[in-house]
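S.K.: Structure for the following, please:
(chains A and B)
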Amino acid sequence: MSPAELKAFQGRGELRAQPPPTVSRRRTLRGTLFANELLTTFRRWRTLALLSVLAAVPILVGIAIKIETSDGGGVGQGRGGEGPAFISQVTNNGLFLVFTALAATLPFFLPMAIGVIAGDAIAGEANAGTLRYLLVAPAGRTRLLLTKYATVMTFCVVATLVVAISALAVGALLFPLGDLTTISGTRITFAEGLGRAFLIALVVAASLTGVAALGLFVSTLTGSGIAAMATTVGLLITVQILDQIPQLHALQPYFFSHYWLSFADLMREPVYWDDLQKNLGLQALYAAVFGSAAWARFTTKDITA
Amino acid sequence: MAPYESDDSTLAAEADDLRAGRRKAARYVVPVAVVGVAAATIGLVPALADSGDPDLPKISAQELIEKIAASDVQQLSGTVKITTDLGLPDFGGLGDAFTGGGSRSGGDGSSADPSTKLTELATGTHTLRVASDGPDKQKVSVLEDAAEYSLIHNGKDVWGYDSKSNEVFHGTADESAKHDEEAPATPKDFADEALKAVDDTTSVTVDGTAQVAGRDAYRLVIKPKDDGSTIGQITVAVDARTGLPLKFTLTPSSGGTAVVDAGFTQVSFAKPAASTFDFTPPKGAKVTEEDSDSTAAPRDKRGPEGLSGLDGLDGLNVIGDGWDSIASFDTGGQGIPSGSEVGGDFGGFLDSLGDKASGKFGEGTVFKTRLINALITDDGKVYVGAVTKDALVKAADAAQ
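M.R.: Numbering: from 1, shown residues only, chains lettered A, B, ... in the order given. Predicted structure coming up:
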């Protein structure tokens, strides 16, 4: 045995001799495992880059609208109102930029960011060789998986709020604010509009639970973080394309992205709940199916890295 | 792996493997079960929710028609789903083709113009919201993807608001237009039109009961007795308490899916909030004022009974009566130009619909939809009706 190894053994012995920590291990873990995960995720450059890209989208949209309408004309007028939802109202009320930005990022930017974070959740740890160290903690695989899912969901909320807040800031800077007209033609106060914007942000975040669960499941299948991210984002794009093919209309109500834009129904007066309920139900179903599949896979798989 | 392998006996390890394998398989049962439960729920819940037809006291067809006539629902709000399948290509593009040459080039480019919008209702499935509070306040909204088109009648003002383009149409409701703005496309409108056509060539029966939008309703079946009609039967579900038609279904005699299916999916007879009917154009919205001669436009294009718009034409003749009545008039022109003469999309569209016909009257083209057929002879006479092609040819022959 080399002297170095001997030293290592001694070191371990010293640690063992120390008095046990005063806080019970269970409680510490409950507090720290999730907090640690959050910290690790949100301290990554990758995460920060994703969030800054998301924050940049409303800025770009806002500036583009400002430049286009600087001659006094409206957006999309005379063109039958093309472009993302709500875009024609942005010049009159900056709050609409929140809805436009969410409508513009929801089909691709937001789920792509979620796909990257979710795909990386388990596979990234396996790839970096840190997964077995995580499992050394007496938290159990189920709890680790739940923690990972909670982290991804937190990222969904944070990412959506980043878009919404950035859009609100840009909208307030570039355009007037005030009472707004719902898409049903009735008027609501700015405070109520702000409340609806917040509700819409929550619905958008909830719309991403399906992708998050799917990404987490893919992440348990492979040991390569890149492969998991690419698969998740690839699936996302495939589903988005399939959702556009009219011949598949019988299947489309079961695609996770099918009811995404139903968040706009919150801007109707009275709110039209049918599609919103379908969307949330579908997301819950995806979360249940792929969440339990991820659990089945992760709790039985051999952890080799 | 090797350094971490324990030195358990191989026998125990094998038993472990077997148990682990079984446990592994057992866990995958969970997601499969979730899928199964979801599929069963999706499949079974509608069937279970369909609690069978309600028990209602017997009523005669005559009494039921009187009930509809006496129905005086002033306040309601609800959601109407309307599916129209005339067997035409998508009207979205067709509307453009028509308005492209017609009203749009006439300088009326507002997408909030009711005539433009209501034409779109003639095909496909649409969800509408209707609200009504007395004769002076009505609102109809067509729900679109992340947008809505609302037609609001409040007192003397009629507003059309297209949220997608943020454009506003404003008109005034004079005495004649008032009728116009009464919630078009509701089941009641359709039922009224159908009942107008009821005469001795029609059989009207009450065919049991049904549940519509959570309310008990009688099913009134209106059936033309004539063979020549393309209308198979019309079913109107009438609310047992208020006498309000809740659902209207028109099936063609050729079978298949309903040509028009308009029904409430949700209805409430409570007074809608007053703010529902308030409308002020949003800041920056483009407002188009109604010009006096465009008032007639929305009426003409409404629903399958839009034929009444032909009343304005000179030399209009109605041949026959009841369901197989045929409207005929002389355009005085050369008949229909062939597709190649018109050219473009519209020409191709004409050719695709047209069907050559000949008889004693000479040559002509029959344009067929699942409900209304039209024969345009080469000498410029037009015969239109909800009748079969043979009936049209017969009428044309008789007119010679």
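
S.K.: and the stretch 201-305 of chain A, which of its residues are near chain B?
M.R.: Residues of the stretch 201-305 of chain A lying close to chain B by CB under 8 Å from any CB of the partner chain are A:261, A:264, A:268-269, A:272, A:285, A:288-290, A:292-293, A:295-296, A:299-300, A:304. All C-beta atoms are positioned from the backbone trio N, CA, C, and that covers glycine.

S.K.: Show me how to select, in PyMOL, the buried members of these.
M.R.: Here is the PyMOL selection string for the buried members of those, based on 16 or more other CB atoms under 10 Å in any protein chain shown:
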select buried, chain A and resi 261+264+268+269+272+285+288+289+290+292+293+295+296+299+300
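
S.K.: Give the burial count for residue 225, as a bare number.
M.R.: Answering for chain A, as no chain was given. 20 (other CB atoms under 10 Å in any protein chain shown).

S.K.: meant chain B, my bad for not saying
M.R.: When neighbours are counted by other CB under 10 Å, B:K225 comes out with 12.

S.K.: ditto for B:H170
M.R.: 17.

S.K.: can I assume B:A327 is in contact with B:N317?
M.R.: Yes: look at B:A327 against B:N317 with CB atoms under 8 Å: they come within range, at 7.2 Å.

S.K.: quick one, which of these two is more surrounded?
M.R.: With neighbours defined as other CB under 10 Å, B:A327 and B:N317 compare such that B:A327 has more, 20 against 13.

S.K.: Next one: that one, what pLDDT does it get?
M.R.: Predicted confidence (pLDDT) for B:A327: 82.

S.K.: Give me the nearest residue to it, chain neighbours excluded.
M.R.: Spatial nearest neighbour of B:A327, chain neighbours left out: B:V384 (4.9 Å); criterion: CB to CB, 6 or more residues apart in numbering or on different chains.

S.K.: mind checking the SS state of the one you found?
M.R.: strand (DSSP: H, G, I helix; E, B strand; the rest coil).

S.K.: That one: neighbour count?
M.R.: By the criterion of other CB under 10 Å, B:V384 has 19 neighbours.

S.K.: can you pull up the bridge partners for it?
M.R.: B:A327, B:A374 (DSSP bridges).

S.K.: In strands, which of the residues of the stretch 201-305 of chain A next to chain B appear?
M.R.: Members of those lying in strands (criterion: DSSP state E): none.

S.K.: Among the residues of the stretch 201-305 of chain A next to chain B, name the ones in helices.
M.R.: A:L285, A:A288, A:V289, A:F290, A:S292, A:A293, A:W295, A:A296, A:T299, A:T300 (DSSP state H).

S.K.: pLDDT added to the residues you listed, as JSON lines?
M.R.: Converted to JSON lines, these look like this (pLDDT from 0 to 100):
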{"residue": "A:L285", "pLDDT": "94"}
{"residue": "A:A288", "pLDDT": "94"}
{"residue": "A:V289", "pLDDT": "94"}
{"residue": "A:F290", "pLDDT": "94"}
{"residue": "A:S292", "pLDDT": "93"}
{"residue": "A:A293", "pLDDT": "93"}
{"residue": "A:W295", "pLDDT": "92"}
{"residue": "A:A296", "pLDDT": "91"}
{"residue": "A:T299", "pLDDT": "88"}
{"residue": "A:T300", "pLDDT": "85"}
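
S.K.: For stretch B:258-273, which residues meet the burial criterion?
M.R.: For stretch B:258-273, burial by neighbour count (16+ other CB under 10 Å) applies to B:A258, B:V259, B:V260, B:D261, B:A262, B:G263, B:F264, B:T265, B:V267, B:P272.

S.K.: Just to be sure, the last one is in a strand?
M.R.: No: looking at B:P272 with three-state DSSP, it is coil, so not inside a strand.

S.K.: Read off the pLDDT value for B:D351.
M.R.: For B:D351, the predicted pLDDT is 61.

S.K.: now do A:R196
M.R.: 93.

S.K.: Just confirm it is within a helix.
M.R.: Yes: applying three-state DSSP, one finds A:R196 inside a helix.

S.K.: these two touch, right, it and A:E269?
M.R.: No: counting by CB under 8 Å, A:R196 stays clear of A:E269, with 9.9 Å between them.

S.K.: shared neighbours, those two?
M.R.: Both A:R196 and A:E269 are contacted by A:I188, under the criterion CB atoms under 8 Å, 6 or more residues apart in numbering or on different chains.

S.K.: now the helix or strand hosting A:Q283, how far from the chain's geometric center?
M.R.: Element membership of A:Q283, judged by DSSP states H and E, is helix A:274-300. What separates the centre of helix A:274-300 from the centre of its chain is 15 Å, taken as CA atoms, centre = their mean, to the nearest Å.

S.K.: Let me know the closest of the buried residues of stretch B:258-273 to B:L143.
M.R.: For the buried residues of stretch B:258-273, the minimum distance to B:L143 (CB to CB) is 11.6 Å, reached by B:T265.

S.K.: Hmm, the closest one is touching B:I82, no?
M.R.: No: the pair B:T265 and B:I82 does not pass the contact test of CB under 8 Å, sitting 10.3 Å apart.
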